[in-house]
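> Here is a sequence together with a model predicted from it:
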Amino acid sequence: MVTRLLLILSLFWAILANQAFAKAENDLKAKIDEKNKEIERLELEIKEYQENLGEAEAKTQTLKSEITRIEKEIKNLNSQISLTEKKIQKKELEITSLGTEISQKEALLLEQKEALAKSLRELNEMESQNLLEMLLSYDNLSDFFDVIEDNQKLNSSIKESVEVLKTTKNTLAQEKTKAQEARDELKFLKNELGDKKSITNSQKSEKSSLFSETKNEEARFQKLLSEREREREAILDEIQRIEDELRGKIDSSALPEPRPGTLLWPIEGAILTQGFGNTPYSKILYNGQPHNGIDIKASVGTRVLASEVGVVKEMGNTDIFGLGTRKPCLSYGKWVLIEHPNGLSTLYAHLSLTRVQKGEIIKRGDLIAYSGSTGYATGPHLHFTVYESKTVQFGPSKLPKSTCEFLPFGGYLNPLAYL
């Protein structure tokens, strides 16, 4: 009677425990669904901003429009920060949920192991006697054959238990892999959150610097704009002269065959805002000189990915200059150049933040930076150039009083032939 009561109580507590597990799991799923809705809302908000980005860039550049652009970028970055925070919260809930599932699977696995061990012990006891001894131990033949049948059933049950045990172990291994992947993604998201906050602070500093330089006066802004435009044109002409010479040194036999997919687009869902070579924009923006790469639409803080496996050959920041009162070099801003094994090198420019170091080995699709509008840019975008690796060189501008102390040059190719 007592044994029966204990069995009933153990079953009762097991049912309660399962109900508690189920309730906790449902609560977690509800919270995850809520985070998904918040993520969708923020992604829509960011998408709407990016759709209006081109329109904002096309407007006449005035002090007011430039301040408005920076403020919009800061607002967009704040939305990206909120989005990343929601993704972090969701990922933490998913990890908790996976932890619960792993605990349940581990408990089930233990139960299955104990049940299998018990069955094996029983089978061992049965098989420890030979058939003659078993036959003599029973009063009639039917009891003997009943035991033989039980033995066969036990054998079959053990085989089934082994298969169930294998399935549970495989499921547990899969859940643990998912949990590790989720922890890795959580770490990535936390790093990205720090990056986005750093970029936001840079945008705020840019706004403060603009106010400081112009004293919040339109006339001062237009004068500053004209001075920078003249300096930029001189730098562009110099780069063009050097790169025209380097293009003559391109060895076509060292290049891969032009075909789509040789290189990965460095921005997911890339939208081209300016093509390669002689374009309608190049006549205006580059003194009629050809564009040595392509421009891709990207708001400040957009992930920039490596187009192919390679090594970070060089990186720089033309906005950083030496001591004294000299102004920054009006060129690529923050840039990264990666050399690939296929004879190509890729340049990524106008970045807001870099995530790699010189000499680092990079895989195709790795996060290497975030897009921005550093250097001289009419608005946030990614400038992407493809060079023949053997022609690439680095050095300062030879122009008088130039602050361009370290620039990349090379024999450039049409990126669209490889993307």
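That came through fine.
> Surely L193 touches E85?
Yes - if you go by C-beta atoms under 8 Å, L193 and E85 touch, sitting 6.6 Å apart. Every residue, glycine included, has its C-beta placed from N, CA and C.
> if I look at the nearest residue to L225 once chain neighbours are set aside, how far off is L93?
Nearest non-adjacent residue to L225, counting by C-beta to C-beta, 6 or more residues apart in numbering: Q61, 6.5 Å away. In this view, Q61 and L93 are 45 Å apart by C-beta to C-beta, to the nearest Å.
> So for the two, which residue has more residues nearby?
Applying other C-beta atoms under 10 Å to Q61 and L93 shows that L93 carries more neighbours, namely 20 against 14.
> got any ranges where this protein has weak pLDDT?
The chain contains residues with pLDDT under 70 at 1-24, 49-60, 116, 119-120, 122-158, 161-162, 278-289, 321-328.
> Select the longest helix from it.
Looking across the chain with DSSP state H, the single longest helix is helix 141-214.
> roughly how far is the helix or strand hosting T96 from the heart of the chain?
Using DSSP states H and E, T96 falls within helix 63-127. Chain-centre distance of helix 63-127: 18 Å, with C-alpha atoms, centre = their mean, to the nearest Å.
> Packing partners of it?
helix 2-51, helix 53-58, helix 141-214, helix 218-247 (3 or more C-beta pairs under 8 Å, 6 or more residues apart in numbering; DSSP states H and E).
> Okay, now the sheet partners of the helix or strand following the last one, with direction.
Following the chain from helix 218-247 toward its C-terminal end, the next helix or strand by DSSP H and E is strand 272-274. For strand 272-274, the paired strands and their directions (DSSP bridges) read strand 294-297 (antiparallel).
> which other residues reach the helix or strand following the partner strand?
Once strand 294-297 ends, the next helix or strand along the chain (criterion: DSSP H and E) is strand 303-305. The contact list for strand 303-305 (C-beta atoms under 8 Å, 6 or more residues apart in numbering) reads 264-268, 298, 348, 351, 365-371, 382.
> Kindly export the next helix or strand after strand 303-305 (C-alpha atoms) in PDB.
Counting by DSSP H and E, the element after strand 303-305 in chain order, helix or strand, is strand 310-317. Taking C-alpha atoms only, strand 310-317 is exported to PDB below (Å, rounded to 0.1, in the frame of the first residue of the first chain):
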ATOM      1  CA  GLY A 310      42.700  37.800 -48.200                       C
ATOM      2  CA  VAL A 311      45.000  39.800 -46.000                       C
ATOM      3  CA  VAL A 312      44.600  43.400 -44.800                       C
ATOM      4  CA  LYS A 313      47.500  44.900 -46.800                       C
ATOM      5  CA  GLU A 314      47.100  48.500 -45.600                       C
ATOM      6  CA  MET A 315      44.600  50.800 -43.900                       C
ATOM      7  CA  GLY A 316      44.500  54.500 -43.100                       C
ATOM      8  CA  ASN A 317      42.600  57.600 -42.300                       C
END
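> list the helices and strands the helix or strand just after strand 310-317 packs on?
Later in the chain than strand 310-317, the nearest helix or strand by DSSP H and E is strand 334-339. In terms of contacts (3+ C-beta pairs under 8 Å, 6+ apart), strand 334-339 is packed against strand 310-317, strand 344-354, strand 367-371.
> closest to T177 out of those strands?
In terms of C-beta to C-beta, the element of these nearest to T177 is strand 367-371, at 22.2 Å.
> Give the partner strands of that closest one in its sheet and their orientations.
In the sheet, strand 367-371 lines up against strand 303-305 (antiparallel), strand 344-354 (antiparallel) (DSSP bridges).
> Show me which of those has the highest average neighbour count.
strand 344-354 (a mean of 25; mean count of other C-beta atoms under 10 Å).
> rewinding a little: let's have the helices and strands packed on strand 334-339 in JSON lines, adding distance to E227.
Shown next, in JSON lines, are these (distance: least, C-beta to C-beta, whole Å):
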{"stretch": "strand 310-317", "distance to E227": "21"}
{"stretch": "strand 344-354", "distance to E227": "20"}
{"stretch": "strand 367-371", "distance to E227": "26"}
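> So for A234, which of these sits nearest?
Closest among those, using C-beta to C-beta: strand 344-354, at 18.1 Å.
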